[in-house]
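A.B. asks: With the sequence up front, the predicted model follows.
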Amino acid sequence: MTTHSIAPAVRAVRRLSPLTFSFGARRWESTGAEPPPAGGHLPSIATSKILRGTREAALRTPGIKWLDEGGSSPLQNTIGGRETRKMNVYQAVRDAMGITLSKDDTAIVFGEDVAFGGVFRCTMGLAEEFGRERVFNTPLSEQGIAGFGIGVASMGQTAIAEIQFSDYIFPAFDQLVNEAAKFRYRSGGQFNVGGLTVRTPTMSVGHGGLYHSQSPEGFFMGASGLKIVIPRSPIQAKGLLLASIRDPNPVIFMEPKILYRSAIEQVPIDDFELPLGRAEIVVPGADLTLLTWGTPIFHCETALSLLSEPPASLASVVPESARGARVELIDLRTILPWDIETVVESVKRTGRLVIVHEASRTAGVGAEIAAEIQSKAFLKLHAPVRRVTSWDTPVGLQYEKFIIPDAIRVLDGILETLAF
Amino acid sequence: MIRTLLSRHSFPISRIFRKHISTTISTNSSESLGLLPTSQSPITPKPHFFNAVSTDGKQLPTYRVIDGVGNVIPGAEIPELDQQLALRIYRNMVLLPIMDNLLYNIQRQGKISFYYGEEATIIGTAAALLPDDEVLGQYRELGVLLWRGWGIDEAMAQCFGNEQDMSGKGRQMPVHWGSPMYHFHTISSPLATQIPQAAGVAYALRRDPARRSKNCAAVYFGEGAASEGDFHAGMLFASTIASPTLFIARNNGFAISTPSSEQYFGDGIAARGAGYGIDTIRVDGNDVLAVLSAAREARRRCVESGRGVLLEAMTYRVGHHSTSDDSFAYRARQEVEDRTRIDNPIARYRLFLKNCGWWSDAEEDELKGLLKTDVMRAFKLAESLKRHELKEVFSDVYGGEEP
């Protein structure tokens, strides 16, 4: 495709960006002429085509593996008789834990404020249904929660721990990195804590400030022995959480908290898993690979829409030649160990990679992926690997819209990479 | 912010305050002024500060059975003990310094990286536990494994990291033992991490119908490790989320070079037990009979109540912290030698056994000869064996499908 002509337009996008930011910031001003868009600053989630809003689409989720009794029989494996129910992410997470507690007598669910349903409602009704011995509050100590969970899991039982916000996972860092991650290796395979899953809400909501907005997955990237999983939707949350709980390794399961209520799908009510360690090509394409996980997948979807059909306000900066670009959107889903094969294969086809994540740039997960891609697909690359991330700052409350990458910055990254 | 909204303190504190003011005004006598709402805390009209667990302000007492020359002290009772058990305890106690000395010396020759040990508290508690009580150690608890039947060969294999090292396939430094068969969780170097894990292990025992009200988790740690946040988390969890966890603090007065006077300002580790509402005892850790007796009772309370119990064993470390350390740089040599002679736990117990007519000098010589031969044989075998295959570098990182 021809790309040399769009460079001036890209610069125009950059000039435009502050205007866009000020539009977003209008929600803070009572004198703003226009009301904020319905659905707040992430209008795309309500109408996303990535979300599976019908029973038919839900049951055809790629990679779905049914685990109910007789699940291997041909009859059970057909989707004909299966039901779905409309759920948001917190309901899907709750559903996965309910299934686990029903089927696995050793399973327990615990954490701060878990018994009354959790501050994000993920454990609602579980204590009433399964009893306070299995679903209970802990003292306010993250290192205690992680250490306690490791102990339970080391006895072969299933421990589902909740850290109330991923911003507060750091007191548990030693237990997770020095203990959980190394438990199997250091014991020559004699002990393991595969039964441990640590759930924690993550990423920004638009008004969380420094300590309710972080994406700490990158800090765990070097902890071989751990798995890190981040779902994008209710179906993904249920299937990936059930797989994480049953995986023979300790898993940190980070739930994008803005999606708890806003992302809604028809979710199969049966027991099913989605594969860990496998990225998913959400939108196939041939000209550029757009890789992300969690909340930004919806910013990416919006960016693709802005790219192909720019509104009048952006039309002048999105050249006609770029609008037909077929962008491949990939959801990484498992951050550690990440699916190198799928991403490399995609980049070899497209020759371009843009990585989007909410964590800041330096030594973020994008840095590791970029290094691996340049090593494995160097001669196929038409442009440098581009990272669209938060800046290397904490997340300042009144400036979150400027710090967390949004659809416009993703669009900018795509246009620059196409134009290189 | 959500966390702030959920802060649990603002409401109760205002209630406490109002209640306090009103009762103080309404009455001024010494008669009962009632209790603080939703608590058992009596109201008092006088501001009362305290900094000791005991009401008389004294330090917590230390439980002892035999004195420095093996005689039972007035008022003490010998724990239930027949000759067979008494001698089994003694043989295990004697074995530990023999292994210590050998490993210390070969470390000095550069053959292994480091080793250190401590005996009386370990064997006394080991003898009080059931063989299938789960043990989480720090690193000085080899004696628990040997007590349970794990062999000298296995210990040597671990120290050398050879192909017979099943504790960690040569991946860990010496003294990082572990054996699921003997219910001994593999040691890790970070201090105190095992303490909250023990609460979780104990909770898992409580949830296992076959082991509920039968087993406990016993966790060992030094007084230095008790400064870590994990100690507090572990005590808090085992008491709040009832879990039968036996906390065994070895207070030997030093964390590497730091004396306990620079480790804490309060009355040792035992004073902290009451803060978590758990039964606590301080015991003379150089008196194996006191340790045995106290640990048995601590274990009984732990399993019966299903909650944490704390045992603080006061010992004096006769050796150096590790072989890369020379403690004479920070302790007077005379002081150490005096303690070794006067308050050596093995000597004390040997005198007790002789008083009972259960032990003689001839048996002593024979035992030491046998143990030294055993340890040397195990050492030579361990030294001659190969390492695990190099491919083991990459195994056991993940379970299931390797990424």
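C.D. replies: Received it, and whenever you're ready, just let me know what you need. Since the model is a prediction, treat every value here as computed from it, not as a measurement.
A.B. asks: Quick one: distance of stretch A:334-351 to the chain centre.
C.D. replies: The chain centre lies 16 Å from the centre of stretch A:334-351; the measure is CA atoms, centre = their mean, to the nearest Å.
A.B. asks: again, but for stretch B:50-61
C.D. replies: With CA atoms, centre = their mean, you get 23 Å for stretch B:50-61.
A.B. asks: Let me see the mean pLDDT of it.
C.D. replies: Across stretch B:50-61, the average pLDDT comes to 86.
A.B. asks: list the buried ones in that stretch?
C.D. replies: The neighbour-count check on stretch B:50-61 (16 or more other CB atoms under 10 Å in any protein chain shown) flags B:Val53, B:Leu60 as buried. Just so you know, the C-beta spots here come from the backbone N, C-alpha and C atoms, and that holds for glycine as well.
A.B. asks: Give me the residues contacting it.
C.D. replies: Identification of contacts with stretch B:50-61 by CB atoms under 8 Å, 6 or more residues apart in numbering or on different chains yields B:Gly266, B:Asp267, B:Gly268, B:Ala270, B:Ala271, B:Ala274, B:Arg282.
A.B. asks: how close does A:Cys159 get to chain B?
C.D. replies: Wrong residue type there; residue A:159 is Ala, not Cys. Between A:Ala159 and chain B the computed distance is 7 Å (CB to the nearest CB, to the nearest Å).
A.B. asks: That residue and A:Gly194 touch, don't they?
C.D. replies: No - with contact defined as CB atoms under 8 Å, A:Ala159 does not reach A:Gly194; the gap is 10.2 Å.
A.B. asks: So which of these two has more stuff around it?
C.D. replies: A:Ala159 (29 against 23; other CB atoms under 10 Å in any protein chain shown).
A.B. asks: Nearest spatial neighbour of the residue in the stretch 251-400 of chain B that chain A sits nearest to, chain-adjacent residues omitted?
C.D. replies: Closest approach between the stretch 251-400 of chain B and chain A, counting by CB to the nearest CB: B:Gly399, at 3.5 Å. Excluding its sequence neighbours, the residue lying closest to B:Gly399 (CB to CB, 6 or more residues apart in numbering or on different chains) is A:Pro248, at 3.5 Å.
A.B. asks: re earlier: which neighbours do A:Ala159 and A:Gly194 share?
C.D. replies: A:Ala153.
A.B. asks: quick revisit: give me the pLDDT for the residue nearest to B:Gly399.
C.D. replies: Taking A:Pro248 on its own, its pLDDT is 98.
A.B. asks: Assign it to helix, strand or coil.
C.D. replies: coil (DSSP: H, G, I helix; E, B strand; the rest coil).
A.B. asks: and it, what are its phi and psi?
C.D. replies: phi -80, psi 20 (degrees, to the nearest 10).
A.B. asks: For chain B, which helix or strand comes out least confident on mean pLDDT?
C.D. replies: Least confident helix or strand, chain B: helix B:10-26 with a mean of 41, by mean pLDDT, DSSP states H and E.
A.B. asks: For A:Lys49, give its distance to A:Gly324.
C.D. replies: Taking CB to CB, to the nearest Å as the measure, A:Lys49 falls 18 Å from A:Gly324.
A.B. asks: These two: which has the busier surroundings?
C.D. replies: A:Lys49 (13 against 10).
A.B. asks: ok, which stretches of the stretch 51-200 of chain B are helices?
C.D. replies: With helices called from DSSP state H, counting those that start in this stretch, the stretch 51-200 of chain B shows them at B:83-108, B:120-128, B:142-148, B:152-160, B:194-207.
A.B. asks: Same question for the stretch 51-200 of chain A.
C.D. replies: Under DSSP H, counting those that start in this stretch, the stretch 51-200 of chain A gives helices at A:55-59, A:74-77, A:89-103, A:126-130, A:142-154, A:173-174, A:183-186.
A.B. asks: residues touching the one residue in chain B that gets nearest to chain A, list them.
C.D. replies: In chain B, the residue found nearest to chain A is B:Gly200; the distance is 2.3 Å by CB to the nearest CB. By CB under 8 Å, 6+ apart, B:Gly200 lies in contact with A:Gly147, A:Phe148, A:Gly149, A:Ile150, A:Gly151, A:Val152, A:Ala153, A:Ser154, A:Met155, A:Ala159, B:Phe237, B:Ser243.
A.B. asks: so where's the stretch 251-400 of chain B shaky on pLDDT?
C.D. replies: Applying pLDDT under 70 to the stretch 251-400 of chain B flags residues B:316-342.
A.B. asks: Residues of it that sit close to chain A?
C.D. replies: By CB under 8 Å from any CB of the partner chain, the residues of the stretch 251-400 of chain B that approach chain A are B:Ser395, B:Asp396, B:Val397, B:Tyr398, B:Gly399, B:Gly400.
A.B. asks: what sits against the fifth one?
C.D. replies: With contact set as CB under 8 Å, 6+ apart, B:Gly399 has these partners: A:Arg184, A:Asn192, A:Gly194, A:Pro248, A:Asn249.
A.B. asks: swap in the first one?
C.D. replies: Going by CB under 8 Å, 6+ apart, B:Ser395 touches A:Gly189, B:Lys169.
A.B. asks: In terms of helix, strand or coil, where does it fall?
C.D. replies: B:Ser395 - assigned by three-state DSSP - is coil.
A.B. asks: And it, how far from A:Arg134?
C.D. replies: 34 Å.
A.B. asks: same deal with the last one?
C.D. replies: Remark: distance between B:Gly400 and A:Arg134 (CB to CB) = 25 Å.
A.B. asks: who's more crowded, these two?
C.D. replies: Using other CB under 10 Å as the criterion, B:Gly400 and A:Arg134 rank with A:Arg134 on top: 18 against 12.
A.B. asks: distance of the more buried one from A:Ala159?
C.D. replies: 11 Å.
A.B. asks: do B:Ile256 as well
C.D. replies: Noted for B:Ile256: a distance of 33 Å to A:Ala159, by CB to CB.
A.B. asks: before we move on, what about B:Pro61?
C.D. replies: Applying CB to CB, the value for B:Pro61 to A:Ala159 is 39 Å.
A.B. asks: can you list the residues of the stretch 151-300 of chain A near chain B?
C.D. replies: Checking the stretch 151-300 of chain A against chain B by CB under 8 Å from any CB, the hits are A:151-157, A:159, A:164-165, A:168, A:171, A:174-175, A:178-179, A:182-192, A:194, A:208-209, A:212, A:224-225, A:227, A:247-249, A:277.
A.B. asks: Filter these down to the buried ones and hand me the PyMOL line.
C.D. replies: In PyMOL, this line selects whichever of those come out buried by 16+ other CB under 10 Å:
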select buried, chain A and resi 151+152+153+154+155+157+159+164+165+168+171+174+175+178+179+182+183+184+185+186+187+188+190+191+192+194+208+209+212+225+227+247+249+277
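A.B. asks: chain center to the helix or strand in which A:Ala46 is found: distance?
C.D. replies: Taking DSSP states H and E as the definition, A:Ala46 sits inside helix A:44-47. Per CA atoms, centre = their mean, the displacement of helix A:44-47 from the mean C-alpha position of its chain is 16 Å.
A.B. asks: for it, packing partners?
C.D. replies: Taking 3 or more CB pairs under 8 Å, 6 or more residues apart in numbering or on different chains; DSSP states H and E as contact, the helices and strands that helix A:44-47 lies on are helix A:259-262, helix A:296-308.
A.B. asks: ok, 6 Å please
C.D. replies: helix A:296-308 (3 or more CB pairs under 6 Å, 6 or more residues apart in numbering or on different chains; DSSP states H and E).
A.B. asks: Mind listing what's buried along the helix or strand just after the helix it packs on?
C.D. replies: Once the chain leaves helix A:296-308, the next helix or strand it forms, by DSSP H and E, is helix A:312-315. By 16+ other CB under 10 Å, the buried positions in helix A:312-315 come out as A:Leu314.
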